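Visitor: here are the coordinates; sequence isn't available:
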């Protein structure tokens, strides 16, 4: 009986977490330009127009619409046809960042030397761990400091 009385609270916590845990995962804009909306309808106000490779975090689905969060924590709805989970994307989260030809401060600056906040890239490689190799939508490849970008991660949120 004592074992059962200790097991019931543990089982209850497990059930509550299973029922109320919402898994979120990263998405990337796959179209060259996508409109993000305030509500899950194209008649709604456009909240942001973003380019290819903009990362978002999925938090909910409603038919052909996905409710997302951006790097600033703002909520938007996007058409499911405008996003993919097959790409890894990042966006500059600091005011500006330098792009390099290799993974380190010793490498020369790239042709495009500096990018500003909200510039999105496809992420290719991450070696060493503090640098990302990224690609812009025209195919240019660069290296950027990992802590200068935001990438959507798989999130587990508990909601009540």
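Guide: Yep, it's here. A quick note: this is a predicted structure, and the numbers were derived from the prediction, not measured.

Visitor: how close does residue 123 get to residue 49?
Guide: 22 Å (C-beta to C-beta, to the nearest Å). (Each C-beta comes from the backbone N, C-alpha and C, glycine too.)

Visitor: higher neighbour count, these two?
Guide: Relative neighbour count places residue 123 above the other of residue 123 and residue 49, with 20 against 10, counting by other C-beta atoms under 10 Å.

Visitor: phi and psi next, for that one.
Guide: Note on residue 123: backbone dihedrals following degrees, to the nearest 10 are phi -90, psi 130.

Visitor: which strand residues bridge it?
Guide: Residues in a beta bridge with residue 123, per DSSP bridges, are residue 134.

Visitor: which pLDDT value goes with the closest residue to residue 64 other than its chain neighbours?
Guide: Leaving out its chain neighbours, the residue that sits closest to residue 64 by C-beta to C-beta, 6 or more residues apart in numbering is residue 80, at 5.1 Å. With respect to pLDDT, residue 80 has a value of 97.

Visitor: same check on residue 47?
Guide: In this prediction, residue 47 has a pLDDT value of 98.

Visitor: how about the contacts made by residue 145?
Guide: Residue 145 sits next to 97, 130-132 when contact means C-beta atoms under 8 Å, 6 or more residues apart in numbering.

Visitor: so how far is residue 142 from residue 113?
Guide: From residue 113 to residue 142 the distance is 10 Å (C-beta to C-beta).

Visitor: so which of the two has more stuff around it?
Guide: More crowded of residue 113 and residue 142, by other C-beta under 10 Å: residue 142, with 23 against 11.

Visitor: the more buried one against residue 133, yeah?
Guide: Yes. Contact criterion C-beta atoms under 8 Å: residue 142 and residue 133 qualify, at 7.4 Å.

Visitor: domains in this protein, by residue range?
Guide: Listed domain ranges for the chain are 2-84, 89-150 (source: automatic domain parsing).

Visitor: out of the ones you listed, which gets the lowest mean score?
Guide: Lowest mean pLDDT within those: domain 2-84, at a mean of 82.

Visitor: which strand or helix spans residue 73?
Guide: Counting by DSSP states H and E, residue 73 is held by no secondary-structure element, helix or strand.
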